[in-house]
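S.K.: Quick check, what structure comes out for this input:
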Amino acid sequence: MNFLAHLFLADPHRELIIGNFIADEIKGNKWNLFEEKIAKGIKMHRAIDSFTDTHSITSESKSLIRPQYGKWSGVVMDVFYDHFLAKNWNHFHALPLLDFTHKMYAILEENKSLLPPKTQYLFSYMQKDNWLWHYAQLEGVQFALTGLSKRRALHSGIERATIELVKYEKQLEEQFMQFMPLLIKEVSSFKNA
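M.R.: All right, here's what the predicted structure looks like:
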């Protein structure tokens, strides 16, 4: 799961949203440097990633693109699954996607001082170009994959992965729609505790 899914799963809890958003930059047990509820959001992010990375449905999805992208298949699938979440947004959330993105940006902007410098830098571009909303379009997926390819190992080739998205869209979307309710249930304890 990429940014949109993490924020969606943390909503409506401000601290969980912040923790989920910064988690990739918080290594090891550095979560303990944050107040309890933000630390809980960091742990939630890790639980989301762990459940997603090891589930049989997502493994099946990744197997479709593994011949082309090898170890980067998980990175590609995270973006694809955000695309399917955006595309099927009304199935999962009452607030329209555009309104949700503005709500997330407002929360993160209000708490920008809590974001690590690298995350602040990324957030400025995310907000300016509304990455979250653009996940719904193929062009937005292409933009995300191109950006990721620039930050990954040389020659990962993931900037070309929209070819596989188009080729396997129906099958991947069905797998996503089976998986997402399971993920929502898996991480619900973070919101209820």
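S.K.: list the contacts for Asn130?
M.R.: Shown in contact with Asn130 (CB atoms under 8 Å, 6 or more residues apart in numbering): Thr101, Tyr105. No exception for glycine: its C-beta is placed from N, CA and C like everyone else's.
S.K.: I'd like to know which helix or strand in this structure has the lowest mean pLDDT.
M.R.: helix 138-151 (a mean of 88; mean pLDDT, DSSP states H and E).
S.K.: Could you check the pLDDT of the nearest residue to Leu138 once chain neighbours are set aside?
M.R.: Leaving aside its chain neighbours, Leu138 sits nearest to Thr162 (5.9 Å; criterion: CB to CB, 6 or more residues apart in numbering). Here, the pLDDT recorded for Thr162 equals 94.
S.K.: Please shift the residue numbers so they start at 37 in all later answers.
M.R.: Noted, 37 is the first residue going forward, which turns the last one into Thr198.
S.K.: ok, Thr198 to His42 distance?
M.R.: 22 Å (CB to CB, to the nearest Å).
S.K.: okay, those two: which has more neighbours?
M.R.: Applying other CB atoms under 10 Å to Thr198 and His42 shows that His42 carries more neighbours, namely 25 against 22.
S.K.: was I right about the more buried one contacting Gly55?
M.R.: No. If you go by CB atoms under 8 Å, His42 and Gly55 don't touch, sitting 9.4 Å apart.
S.K.: Overlap in contacts, the two.
M.R.: His81.
S.K.: just for the protein, where's the confidence low?
M.R.: Low-confidence segments of the chain (pLDDT under 70): 187-191, 229.
S.K.: can you tell me which helix in it is longest?
M.R.: Ranked by number of residues, the top helix in the chain under DSSP state H is helix 205-228.
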